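Engineer: compute the structure for the input listed below.
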Amino acid sequence: MAFCRTVGGASDSGTFRKVLLTTTSLVIAAVAPLGIAHAQEARSDATAAQEGEGEAILVTGYRASIQQALRQKRDANAIVEVITAEDIGKFPDKNVADALQRVPGVVITRDGGEGKTVSVRGLQAGLTLTQLNGNYIASSETNDEATRSFNYVLLPSNMLSSAELYKTPEARIDEGGIGGTVILKTRRPLDLPAWSGFVTAEGTYSDTSAKVDPQLSGMISWRNEAETVGFLVGTTWQRRTNRSMEVSTESWNWYSDNNARSAVDVNGKALDPQPSKWWGGSGFNDQNGKHYSDFFLPTSVNFAVRDEQRERLGIQATAQLKPFHNLTMTANYFRFDLKGDYALNMLKIPEWNLARVSWDGNYGGGRLLNGLTLDPSGTIATGAEYRKLAGRTYYCNEAEAAAGGKPSGGWGPDDCTIPTPQLSGGYSREKALSQTVDFSVDWESGPWRATLVGGRTWSEGGPSLNFRMSAKPRRFVNGAWQMGNGLSAWNLTGTPSATFSPDLQDNLRAGIAEIDLGSTDSSWKETSISQNYVQADFTRLFESPWLQSIQAGVKYRDGKVHRNTGNTLWYCPGTTTRYQNGCDAQASVARPEYFYAKALGHIEGGFNANVFPGIDFPAYLAQLKARYGDAVRYEEPDFIYNVGEKILSGYTQLNFKADRIRGNIGLRVARTKQHAASTDAIERFLDYFVDGPGGTPQPCTTEPGCESGFLKNEVKEKTFELNTLDKTYTDFLPSLNYAVDLTDRLVLRGAVSKVISRTGYTDIAFPGALNFVSQEYSSDRSAAGGSTDPGWSGSGSNKDLKPFEAWQYDVGLEWYFHPGSVVGVGLFRKDVKNFIVPVTRDQQLTIGGNTVTVRNFSTSANGRNGVSKGIELYAQHTLDFGLGFQANFTYNDTNMAAVILDGKEIARSPLVGSAKTQLNATVFYESDKFLARASYNRRGELVGGLHNGLSIYSEPYQQVDLNVAYNITKQLVLSASVLNLTKEEQRAHLGKDTKARLWTNNYSGRIVYGGVTYKF
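Structural biologist: Presented below is the predicted three-dimensional model:
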């Protein structure tokens, strides 16, 4: 079947829908009469005949698991992908997300090398619903905002028996997964032999950390001989040392003299809409007299090393009671605990040594910029060098400049010293905890089946300490500036690189540095998510030539999301003044022990740096405690972030099965009552230093309040505005799934459905932050070194966002040519309405009754008429002697849909989270004693959000993983795995026209596992 092209942004959904519905109707009309006479016998005979072909070969281990998964896929009425455990405690991959990415159409994101979130068929991870045993599972981040996507880092894979991905919905399955619904299933004691279980001990090694970490796990299951009582307990404990290296950029702006030329791409084509322009409306010079205009430049280039010490604990406790043969009661408790210490060391190279505004006194002299490197088009800066040249006179303040005959305005230490790299980053102690408890009753009598389920899932996450600080490699001593670094340079071509003076590390350890108190803070945020649910499902079986059963049910969910924010504060003794606010003249002094004795080494990827000094955050925190006493934890009640959802849903589903056709048709109705509340913090920064004669900052030396040689007196105002959202809406969600056995080996599938996903929590409830910087405040900060642009900036949620909606259509053909083997093709299309895009742009807002322009305002906007369509190809086969392969390829095409904000089209964007191609290939060999498996995964270019009118694209990423296992006995198994064998990096850029606007480049390492498992 061919896809029609999208013309002018309009979708061809009508044509596709008509084709699919016509095909469905003709197939049902043609095949249904054949099944009236011999419904049950024909299918069972065909199945028995095919399964009988493989009776001579006893298949176990990995081959058995993929054959079982394939049987479940074939027998399903919907389009489903299934992953089953090879044995108790033996899931195919170390991480559930890693396992899911090997099925067609799945793309994952990673955290520290581990799979974290899952997106399906071109839709972002927040549109994938993850359930544990059929119900929502809450998960919070250790130090991030609440999301609807599940954090797979929390979940030990060896607790699962299977994972099912429903790509097409059934009415009986909870709504919420436009991309797909993942149902994770755990083991139950009455399904297992008495006193069965496993114990595993493993070690983990990463090339970035060069450390070996332990992991222990085990499970034991018992049931009585009568199989009426059973208990199961399992646990996993893991310690991981992660290190990742990343280079990133900030705020790519367009520089043009007098804003004379609008932004263009590398081909000279005007960009529409226009990206943010540099507010100063000018190009600039370097100190050699060269002028630069009409190009893009990032505000800062950042090189970072993140060290993590993670500890993960997973617990499952399950009890079952079967007092009667037709009544089973099950109680579950799950606990997933993740905590760790995180240290981020970042070297930032901002634009502080540029003279960017034409009224700056050193505009013609170019400050310390020694030159830019531009891409071949001349429109993108790909490198910059800041250097203090020998034999050249530099002026550190207005008086020196005037004495040297220079124009007045803006002279400060950035004109005579290099304040970069700004040593920045932070240290945090973080945790995330997810817990679920549920109780279910399963009853059957004759043709009737009933299930009652009640439960609660809740999670909380956030840091107990989240400290950030910055330092600059210079200091003001005895009325003069000392410089600790004479060279800062960055280059984004090829492998990104940073170059500094070779003596930078020694100078820092000699105390030639200052603490940037204005960039030091310890704010934190904690999130909590909870949902209580109760559900009743009923099934009536029929002995009919075509009607298998009718299912009906009702479910009520009451969910809450809350974010709490605050600060960890240190006060000068005997005062209520924070140490950063001028009560201690020594607060900005950078002691040598604040920095590591040696530069950070073992940088295995991501970027190159000739020297990488780092901050010893525990040492700095110890000094704060010794000097100011214990920190005071302060909660911020004015920062409100609350979401409440009460959902009542019900469904009816009819399951039919004739001779060669089977499927289901149903309707699910969901009524959502939603409340969201958040505050906007409006802060005005008015003045930073005390004014001296002539209005310039008043100089100082060592008295309290002296910072960077000037007397500090920060003046700012802060107010809060509460915004709320209350709405109720009802969704009617029909679905049809069918499968036709054209022959005993050939299956035709089709599906039509309407799906929804509710708006992300942060999109509607994130507290806004609107900041105004006066010209005086900006000038003062510039005089201290490190400019802050004047004007408005900020971010905020969008209460006008609408929930996601989509109609989706699927058709597929599967050929089961041998037991455990298949070749298949599937076509899919999703017509998505109201998809959400993160946006950063200059935005007109009304603040205090005045209309102002907020630069680089970050928010979310609805997309309109988004289309995701594509094709999936897959194959699986195993030869009789144990050699086999699995392969699949997905092609996904999304249109450039309009993005709407405040009723206006602001941009066009592909569907966020979509990748055009996805390829997976696995080759394995398995014998009675040995298993070897090599897996290759390649994701094509992935679409991110919008930044200044340009889409963010993650470049294609590929990964090779190896797994081997050796059975010493039937009970004792040695295993080893290598993840990211070829040490691949993840890179992203800005804009479709070129890869030169680097956004991020990250390397998380190659990971090696080795261990032993005893099964009993």
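
Engineer: just the terminal-to-terminal distance for stretch 99-118.
Structural biologist: Chord length of stretch 99-118, first to last residue, is 11 Å (CA to CA, to the nearest Å).

Engineer: how far away from the center of its chain is that stretch?
Structural biologist: 11 Å (CA atoms, centre = their mean, to the nearest Å).

Engineer: so Gln531 sits in a helix?
Structural biologist: No - looking at Gln531 with DSSP: H, G, I helix; E, B strand; the rest coil, it is strand, so not inside a helix.

Engineer: which residues does it contact?
Structural biologist: 136, 138, 456-458, 557-560 (CB atoms under 8 Å, 6 or more residues apart in numbering). Using the backbone N, CA and C atoms, a C-beta is placed for each residue, glycine as well.

Engineer: now swap in Arg392 and tell me
Structural biologist: By CB under 8 Å, 6+ apart, the contact set of Arg392 is Gln287.

Engineer: what do you get for Pro699?
Structural biologist: Each residue near Pro699 by CB under 8 Å, 6+ apart is listed here: 692, 709-711.

Engineer: per-residue pLDDT, it?
Structural biologist: Listed pLDDT for Pro699 reads 79.

Engineer: list the beta-bridge partners for it.
Structural biologist: Phe710 (DSSP bridges).

Engineer: so which of the contacts of Pro699 comes closest to Val747?
Structural biologist: For the contacts of Pro699, the residue nearest Val747 by CB to CB is Phe710; the value is 76.9 Å.

Engineer: follow-up on the earlier one: between the contacts of Gln531, which sits nearest Glu604?
Structural biologist: Distances from Glu604 to the contacts of Gln531, taken by CB to CB, are shortest for Ala138, at 35.4 Å.

Engineer: from what I see, that closest one and Ser434 are in contact.
Structural biologist: Yes - contact criterion CB atoms under 8 Å: Ala138 and Ser434 qualify, at 5.8 Å.

Engineer: overlap of the contact sets of the two?
Structural biologist: With CB under 8 Å, 6+ apart, Ala138 and Ser434 have common neighbours 457-459.

Engineer: could I get these in CSV, plus columns for neighbour count, pLDDT and secondary structure?
Structural biologist: Below are the shared contacts of Ala138 and Ser434 laid out as CSV (neighbours: other CB atoms under 10 Å; pLDDT from 0 to 100; DSSP: H, G, I helix; E, B strand; the rest coil):
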residue, neighbour count, pLDDT, secondary structure
Thr457, 23, 97, strand
Trp458, 18, 96, strand
Ser459, 23, 95, strand
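
Engineer: just curious, which of those residues is nearest to Ser977?
Structural biologist: Ser459 (28.5 Å).

Engineer: and that closest one, what is it in contact with?
Structural biologist: 138-140, 432-435, 528-530.

Engineer: one more pass at 10 Å, please.
Structural biologist: 137-141, 146, 151, 154, 336, 432-436, 527-531 (CB atoms under 10 Å, 6 or more residues apart in numbering).

Engineer: ok, Pro193 - how many residues close by?
Structural biologist: For Pro193, the neighbour count with other CB atoms under 10 Å is 12.
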